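Enquirer: Any chance you can model this:
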Amino acid sequence: MSMRASVIIRSKDEADRLRLTLTSLACQSEPPEVVVVNDGSSDHTKDVIAMAQGMSIVALHNATPAGRSAASNAGAAAASGDVVLFLDGDTLAAPDLVSEHLGNHRERTNIIVRGSTYNLRCTRPFLDPEVGTPQPGEETRVERMSATERTRAMVTRQQIRSRFHEIDHRSQPGVYPGFGPRKLFELEMEALTTATDCPVLWAAASGANMSVDRAAFLDNGGFNPELDNNEHRELALRLCQRGMSMVGSKARSYHMTHRSGWRDPLTDKHWEDIFFAAHPTAEVALLPVLWASLADGSDLPEAARIHSLPELAAAAQRCKAFQGRAAVREAHLRWAKTRTVE
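Expert: Okay, the predicted model is just below:
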């Protein structure tokens, strides 16, 4: 089947990482169309896009930031591929990332494909991972590195082009470093592999390294523009409600980290009101319980912890008669207390 992918990149003020991301897309075994949405950057992102070579590229430049969801939607609307594959401007694509996604879509229709997301912890102190310049506040740390240590931590365009295995060797599972993101990655991919009939597989959606039929994406309104966190899960839920299926893929992406910690949905709670208002279900209400179960130092009782997507589905089934987020969570905690007593 003839099919082409459009890779949609959302990028804001990460020009030096974007240069590396674009290099990785120029080296794909199956060349995609690349759509870059420069979402109001104040650095040299525009120059990096203009100098990109070796690929079909469409550039959109927002004078002011529109946000992740709106930028993604604009990129998808400007794309021409059959499949849209979302990537961030600080994320490398393995050489076969596009071909792996397209392989899934050629085998099956009506699917949302989630790839394997890894991180490169070594890039965190660098403003430009290719030359090793320090991020603001990281000058002392970078200065203390030996020349060998600094070189080993950097990511270069030459490595991407000819020695990508060296980059892969340094990577770790999960979009961000740490126990919580890694455990979340593992349970999501396990569910996509072994629990294919689980009714909450939409919760395994990923913000980057996820692909879907472009027409289906546009026909269903794309990402909710009010959401800039968990927008990918909300989209996947809507698409699954319309008969689509989540599938896992071995297609790998590599987030070049640049901050301590991660975008924790337990602390950034703006998404919760919007998501639950659109989908007032027990599954959505209990998502924070799943994530809290993985957090370091969680004060959740062991009996109340949710350790997998099938466990999330089972908990939601027990609590489905209750209305409102608080009522659902209280019902789950009461059930956990009965287990403790037993």
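Enquirer: does the residue nearest to K250 when sequence neighbours are not counted sit in a helix, a strand or a coil?
Expert: The shortest distance from K250 to any non-neighbouring residue, by C-beta to C-beta, 6 or more residues apart in numbering, is to S116 (5.8 Å). Bear in mind the C-beta positions are built from the backbone N, C-alpha and C, glycine included. Of the three states, S116 takes strand according to DSSP: H, G, I helix; E, B strand; the rest coil.
Enquirer: so after whichever strand or helix holds A314, what's the next helix or strand?
Expert: In this assignment (DSSP states H and E), A314 forms part of helix 309-319. Next helix or strand after helix 309-319 toward the C-terminus (DSSP H and E): helix 325-341.
Enquirer: I would like the residues contacting that following helix, please.
Expert: Contacts with helix 325-341, where a contact means C-beta atoms under 8 Å, 6 or more residues apart in numbering, come from 272, 276, 282, 285-286, 288-289, 301, 303-304, 315-316, 318-319, 322.
Enquirer: for it, which positions count as buried?
Expert: 325, 328-329, 331-332, 336 (16 or more other C-beta atoms under 10 Å).
Enquirer: From these, pick the one nearest P199.
Expert: P199 lies nearest to V328 out of those, by C-beta to C-beta, at 16.0 Å.
Enquirer: how close does that closest one sit to F217?
Expert: Distance, V328 to F217, using C-beta to C-beta, to the nearest Å: 30 Å.
Enquirer: try R182
Expert: 29 Å.
Enquirer: Just among the contacts of helix 325-341, which is most surrounded?
Expert: Sorting the contacts of helix 325-341 by how many neighbours each has (other C-beta atoms under 10 Å) puts A285 first, at 27 neighbours.
Enquirer: was I right about that one contacting F276?
Expert: Yes - with contact defined as C-beta atoms under 8 Å, A285 counts as touching F276 (6.5 Å).
Enquirer: What is the neighbour count of N220?
Expert: 15.
Enquirer: check contacts around it.
Expert: Counting by C-beta under 8 Å, 6+ apart, N220 has contacts 235, 238-239, 242.
Enquirer: circling back: quick one: the helix holding A314 to helix 325-341, angle?
Expert: Comparing the axes of helix 309-319 and helix 325-341 via axes from the mean of the first three to the mean of the last three C-alpha atoms, to 10 degrees yields an angle of 100 degrees.
Enquirer: how far does stretch 39-50 stretch from start to finish?
Expert: This stretch, stretch 39-50, spans 15 Å end to end (C-alpha to C-alpha, to the nearest Å).
Enquirer: buried ones in the helix or strand M246 falls within?
Expert: Using DSSP H and E, M246 falls within strand 245-256. The neighbour-count check on strand 245-256 (16+ other C-beta under 10 Å) flags 245-249, 251-256 as buried.
Enquirer: so what does that strand touch, helix or strand wise?
Expert: strand 91-93, helix 97-107, strand 111-120, helix 164-170, helix 179-194 (3 or more C-beta pairs under 8 Å, 6 or more residues apart in numbering; DSSP states H and E).
Enquirer: Let's see that with 7 Å instead.
Expert: Contacting strand 245-256 under the criterion 3 or more C-beta pairs under 7 Å, 6 or more residues apart in numbering; DSSP states H and E are the following elements: strand 91-93, helix 97-107, strand 111-120, helix 179-194.
Enquirer: Tell me how this structure divides into domains.
Expert: Listed domain ranges for the chain are 5-122+171-256, 280-341 (source: automatic domain parsing).
Enquirer: Pick the most deeply packed of these.
Expert: Among the domains of the chain, domain 5-122+171-256 has the highest mean neighbour count (mean count of other C-beta atoms under 10 Å), at a mean of 20.
Enquirer: so what's A76 closest to, chain neighbours aside?
Expert: V84 (4.9 Å).
Enquirer: re earlier: which member of the buried residues of helix 325-341 is positioned nearest V212?
Expert: Distances from V212 to those, taken by C-beta to C-beta, are shortest for R325, at 27.8 Å.
Enquirer: Return the distance of the residue lying closest to T109 once chain neighbours are set aside relative to N110.
Expert: Among residues not flanking T109 along the chain, D213 sits closest, at 7.5 Å (C-beta to C-beta, 6+ apart). Per C-beta to C-beta, D213 is found 8 Å from N110.
Enquirer: and if you look at M55?
Expert: 29 Å.
Enquirer: Centre-most residue in this protein?
Expert: G207 (2.8 Å; C-alpha atoms, centre = their mean).
Enquirer: Would you quantify the distance from it to R157?
Expert: 25 Å.
Enquirer: do H307 as well
Expert: To R157, H307 is 41 Å away according to C-beta to C-beta.
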